[in-house]
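*Asks:* Sequence and predicted structure below; questions after.
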Amino acid sequence: MSKKKFLAVTLSMCMAITALSGCGKKEEVTEAQGITDIVYDINTNSDAMMEEGDEDAVIMKDGKLQHDLTGEWILPEENDKRYIAVMVNNIKAAMPQSGIENADVVYEMLEEGGITRLLCLFSEYEDIKELGPIRSTRDYYQIKALEYNAILTHWGASVYAEQYWEGHPDTNHVDLNGKDNRSAYRKSRPGYAIEHTGFTNGELIAKSIEADGYSTTKESSYTRMFNFNTEETELSDGQPATKIQTNYSGSRKPWFEYDAESGLYKRFQYDAPQIDEATGNQLAFKNIIIQFAPHTSRDDGAGSIDIDFSGSGEGFYATDGKIIPIRWEKNEKFGVTKFRTADGEKLKLNPGKTWVTVFPDTQVSDIVYE
């Protein structure tokens, strides 16, 4: 199959609107959910449809609702738990990583020097035996973590991130190189530079969260980012995409390959599968989102960059070996990003884990699929 360059400037595909059937009578949201969305009970014997305009309705099935990050069916009280977001090293000299296979959502974003780091979001983390290597954060990672009301775990921070905390002292974060250094340790890694040896684990993070007095329950203002299909749904108007390459630069070309047997996209970088050292498994994801966003250089002589998540932009969504163009919008700096199809309908992901690649909006043609 020949390669194609899918340009966002020519986004003209429209997905057919799939009516969600089998929804019963509206009822009030239970207090345990801590959200203000409308709830619908699925009734497989009914032809009733969701009322027009109820975009953020929560679907319930057998007394369960869909997890905010994965779309899996969980009890309502389980959805109150607050997430953590962890800064993980992603440079070649630091490979392999440990513990990130447990992440529900992973963000890859650029920073100075043309390297990328990962922001890994976890809903269940207490039993993770080893997590890292952990690195410092940047202010735009902090803003992204805030969209999920997540507690950010990091090993130090840039001057811009420090300035952000000075202006927002109530921001919850676990600093393994500062106030929470008792929750960090150096792992013996012969041949590795010291900056690639900083690790922690789920139990230690939980202890720091408790010691810092942070709430482990989502705030009442929390709004979920993703919407999910109630069951796996094919992208009927999607283009084939069994390999997706994200060419950040000539030396930074990570990619995903679709595995039809598992129904997942497997992750590769540095000319090899990306492996979780703790399990030996290759990272794999049901959903791939590519979000084009403005990247600007900061005039500080250090090569620092800024990523702007405000406003709107374009991107792609891939699942089950197909890809479609999408749009994103974020009305406020500290608001929540919403994803839509090219024709303006809300984007519904298939249940499963999601990888989000944040990519410069000036390099749209460097996203290549085949």
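*Replies:* Looks like it arrived, so ask away.
*Asks:* Just checking, which helix or strand of the chain averages the lowest pLDDT?
*Replies:* When each helix and strand of the chain is scored by mean pLDDT, DSSP states H and E, strand 23-27 comes last, with a mean of 36.
*Asks:* Please, which helix or strand holds the residue nearest to M225 when sequence neighbours are not counted?
*Replies:* Spatial nearest neighbour of M225, chain neighbours left out: V336 (5.4 Å); criterion: Cβ to Cβ, 6 or more residues apart in numbering. For glycine as for every other residue, the C-beta is placed from the backbone atoms N, C-alpha and C. Secondary structure assignment for V336, by DSSP states H and E: no helix or strand.
*Asks:* How about A145?
*Replies:* Assessed by DSSP H and E, A145 sits inside helix 139-147.
*Asks:* Then I59?
*Replies:* Following DSSP H and E, one finds I59 within strand 58-61.
*Asks:* Given the following helix or strand past that strand, what are its sheet partners and their directions?
*Replies:* Downstream of strand 58-61, the next assigned helix or strand under DSSP H and E is strand 64-66. When pairing is defined by DSSP bridges, strand 64-66 lines up against strand 58-61 (antiparallel), strand 73-74 (antiparallel).
*Asks:* Show me the shaky parts of the stretch 51-200 of the chain.
*Replies:* Counting by pLDDT under 70, the ranges of the stretch 51-200 of the chain that qualify are 51-56.
*Asks:* Helices of that one, residue ranges please.
*Replies:* 139-147, 159-167 (DSSP state H, counting those that start in this stretch).
*Asks:* closest one to D259 among those?
*Replies:* helix 139-147 (27.9 Å; Cβ to Cβ).
*Asks:* Identify each buried residue in stretch 261-275, please.
*Replies:* For stretch 261-275, the neighbour count (16 or more other Cβ atoms under 10 Å) marks 264-269, 274-275 as buried.
*Asks:* ah, wrong one, I meant stretch 77-95
*Replies:* For stretch 77-95, burial by neighbour count (16+ other Cβ under 10 Å) applies to 79-80, 82-91, 94-95.
*Asks:* now the end-to-end length of that stretch.
*Replies:* By Cα to Cα, to the nearest Å, the extent of stretch 77-95 from end to end equals 37 Å.
*Asks:* Make residue 1 into 41 and carry on from there
*Replies:* All set: I'll call the first residue 41, so the last point we hit is now stretch 117-135.
*Asks:* How far does that stretch sit from its chain's centre?
*Replies:* Centre-to-centre, stretch 117-135 and its host chain are 9 Å apart (Cα atoms, centre = their mean, to the nearest Å).
*Asks:* for the stretch 241-390 of the chain, what spans make up the helices?
*Replies:* Applying DSSP H, counting those that start in this stretch to the stretch 241-390 of the chain gives helices spanning 242-251.
*Asks:* That one: strands as residue ranges?
*Replies:* For the stretch 241-390 of the chain, applying DSSP state E, counting those that start in this stretch gives strands covering 267-268, 279-280, 283-286, 295-299, 304-309, 312-313, 324-325, 327-333, 335-337, 345-347, 351-359, 362-370, 378-381, 388-389.
*Asks:* Same check on the stretch 41-190 of the chain?
*Replies:* Applying DSSP E, counting those that start in this stretch to the stretch 41-190 of the chain gives strands spanning 44-45, 63-67, 79-82, 98-101, 104-106, 113-114, 124-128, 145-150, 156-162.
*Asks:* and the longest one, what other elements does it pack with?
*Replies:* So that's strand 156-162. Under the contact criterion of 3 or more Cβ pairs under 8 Å, 6 or more residues apart in numbering; DSSP states H and E, strand 156-162 touches strand 124-128, strand 145-150, helix 179-187.
*Asks:* between the second one and strand 124-128, how big is the angle?
*Replies:* Relative orientation of strand 145-150 and strand 124-128, computed by axes from the mean of the first three to the mean of the last three Cα atoms, to 10 degrees: 40 degrees.
*Asks:* Next: the last one.
*Replies:* Computed with the same axes, to 10 degrees, the direction of helix 179-187 lies at 160 degrees from that of strand 124-128.
*Asks:* To what extent is the residue lying closest to V128 once chain neighbours are set aside buried, counted in neighbours?
*Replies:* Closest residue to V128 in three dimensions, ignoring its sequence neighbours and counting by Cβ to Cβ, 6+ apart: L158, at 4.3 Å. Using other Cβ atoms under 10 Å, L158 is surrounded by 19 other residues.
*Asks:* Check A251 too.
*Replies:* Neighbours around A251, by other Cβ under 10 Å: 13.
*Asks:* give me the number of residues near the residue nearest to G242 when sequence neighbours are not counted?
*Replies:* Excluding the flanking residues, the one nearest G242 by Cβ to Cβ, 6+ apart is I168, at 3.7 Å. I168: 24 surrounding residues under other Cβ under 10 Å.
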